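Q: Below is the sequence, then the predicted model.
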Amino acid sequence: MTDLPIAVNTFVWHSPLTDELLTATLPRIAGWGFDAVELPLENVGDWDPSRTSALLSELGLRCVVGVVFGPGRELAAADPATIHATRRYVRAAVDAAAAVGAAMVIAPMYTSVGRTWRMSPPERTATLRELRDSLAECAEYAGRHGIALAVEPLNRYGTSLLNTATQVRELIEDLPGNVGLNLDTYHMNIEERDLPAAFRAAGDRLLHLQVCGNDRGAPGHDLQNWPLIRDCLTEIAYQGMLGIESFTADNASIATAASIWRPLAESQDALAVEGLLFLPEWREGRP
């Protein structure tokens, strides 16, 4: 646990991310002492992977790339043209990850965030089969580039398809080994009834963990059972990053999508720094 890299998502400050914003923000992230950064790719071309790779190398930062499934991005339960375009977008995110030196692409990658609908058991089975086919194609492409895909379950208000670690593990069980899970303590706090069981379900296919307060603020200043989470990670010998993901209220669309209705810290900088002050001590067993 003591050597797990600590990352922060640029969504804390910016949406969409651009080269200019990266040039201004990444040195601050490195200066505070973060080991890594989560880089959302809302649209292909928002930022230049080659330029970003050079900046990350200069600052000594590692990274992962996050896909962003806004309206119209669907890997299942949509028309063939939409699914084809979304697969193409995921492949582009893999290309960006390879170019920027990231080991994986993370985040919910199935249907658009906020899309919920009722499904009968046969409809759910058919939708998951279609999603598995899409992920298999994306995984094959990612594997050729040495990139892993980490699929994130969301809470019930963000999706009606995948809400728990067990659901994702069952979905990916027969997919290539470069497909795993991206869990987020914020969503787990809502959906999981048994944290140890959830982490055991993810097991060795937990590739990335986002560590957030139960209110989506900084970890450690909230009601999460952080000692239990640490014990769970130790039990499954987790080797990935610890990523702080929160969102800026300055972008109306992202604030609405993430339900950010009030400040979660004195400032966005304070949110990141408060989390960074907590995580090393927690990682090392205090408290």
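A: Ah, there it is.

Q: Export only the CA atoms of stretch 63-83, formatted as PDB.
A: In PDB, the C-alpha atoms belonging to stretch 63-83 read as follows (Å, rounded to 0.1, in the frame of the first residue of the first chain):
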ATOM      1  CA  CYS A  63      -1.100   9.300 -16.100                       C
ATOM      2  CA  VAL A  64      -4.200   7.400 -17.200                       C
ATOM      3  CA  VAL A  65      -6.600   8.600 -19.800                       C
ATOM      4  CA  GLY A  66     -10.300   8.800 -19.100                       C
ATOM      5  CA  VAL A  67     -13.100   8.300 -21.700                       C
ATOM      6  CA  VAL A  68     -16.100  10.600 -21.300                       C
ATOM      7  CA  PHE A  69     -19.400   9.100 -22.400                       C
ATOM      8  CA  GLY A  70     -21.600  12.100 -22.900                       C
ATOM      9  CA  PRO A  71     -25.000  12.000 -24.700                       C
ATOM     10  CA  GLY A  72     -24.900   9.900 -27.800                       C
ATOM     11  CA  ARG A  73     -21.900   7.700 -26.800                       C
ATOM     12  CA  GLU A  74     -23.200   4.200 -26.600                       C
ATOM     13  CA  LEU A  75     -21.500   0.800 -26.800                       C
ATOM     14  CA  ALA A  76     -24.900  -1.000 -26.500                       C
ATOM     15  CA  ALA A  77     -28.600  -0.400 -26.700                       C
ATOM     16  CA  ALA A  78     -28.300   2.000 -29.600                       C
ATOM     17  CA  ASP A  79     -28.400   2.000 -33.400                       C
ATOM     18  CA  PRO A  80     -25.400   0.400 -35.200                       C
ATOM     19  CA  ALA A  81     -24.000   3.700 -36.400                       C
ATOM     20  CA  THR A  82     -23.900   5.200 -32.900                       C
ATOM     21  CA  ILE A  83     -22.200   2.000 -31.600                       C
END
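
Q: distance between that stretch and the chain's centre?
A: Relative to its parent chain, stretch 63-83 has a centroid offset of 14 Å by C-alpha atoms, centre = their mean, to the nearest Å.

Q: One more: stretch 134-146?
A: So, by C-alpha atoms, centre = their mean, the centroid of stretch 134-146 is 18 Å from its chain's centroid.

Q: Mind listing what's buried along it?
A: Across stretch 134-146, burial judged by 16 or more other C-beta atoms under 10 Å covers 134, 135, 138, 139, 141, 142, 143. Using the backbone N, CA and C atoms, a C-beta is placed for each residue, glycine as well.

Q: go on, stretch 222-236?
A: Residues of stretch 222-236 classed as buried: 222, 224, 226, 229, 230, 232, 233, 236 (neighbour count, 16+ other C-beta under 10 Å).

Q: how about the strands in the chain?
A: 6-9, 36-41, 62-67, 104-107, 148-151, 179-184, 206-210, 242-244 (DSSP state E).

Q: Could you dump those into a markdown table with mean pLDDT added?
A: Shown next, in a markdown table, are the strands of the chain (pLDDT from 0 to 100):
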| stretch | mean pLDDT |
| --- | --- |
| strand 6-9 | 98 |
| strand 36-41 | 98 |
| strand 62-67 | 98 |
| strand 104-107 | 98 |
| strand 148-151 | 98 |
| strand 179-184 | 98 |
| strand 206-210 | 98 |
| strand 242-244 | 98 |
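
Q: nearest to residue 23, of these?
A: Closest approach to residue 23 among these (C-beta to C-beta): strand 36-41, 13.0 Å.

Q: Residues in contact with stretch 20-39: which ones?
A: Here stretch 20-39 makes contact (C-beta atoms under 8 Å, 6 or more residues apart in numbering) with 5-11, 13-14, 17, 47, 51-52, 55-56, 59-66, 100, 102, 106, 210, 241, 243, 245, 269, 272-273, 276.

Q: Would you mind checking those residues for buried ones?
A: For the contacts of stretch 20-39, buried by 16+ other C-beta under 10 Å: 6-11, 13-14, 17, 47, 52, 55-56, 61, 63-66, 100, 102, 106, 210, 241, 243, 245, 272-273, 276.

Q: With residue 285 as the reference, measure out to residue 227.
A: If you measure residue 227 against residue 285 using C-beta to C-beta, to the nearest Å, the figure is 9 Å.

Q: How about residue 129?
A: 43 Å.
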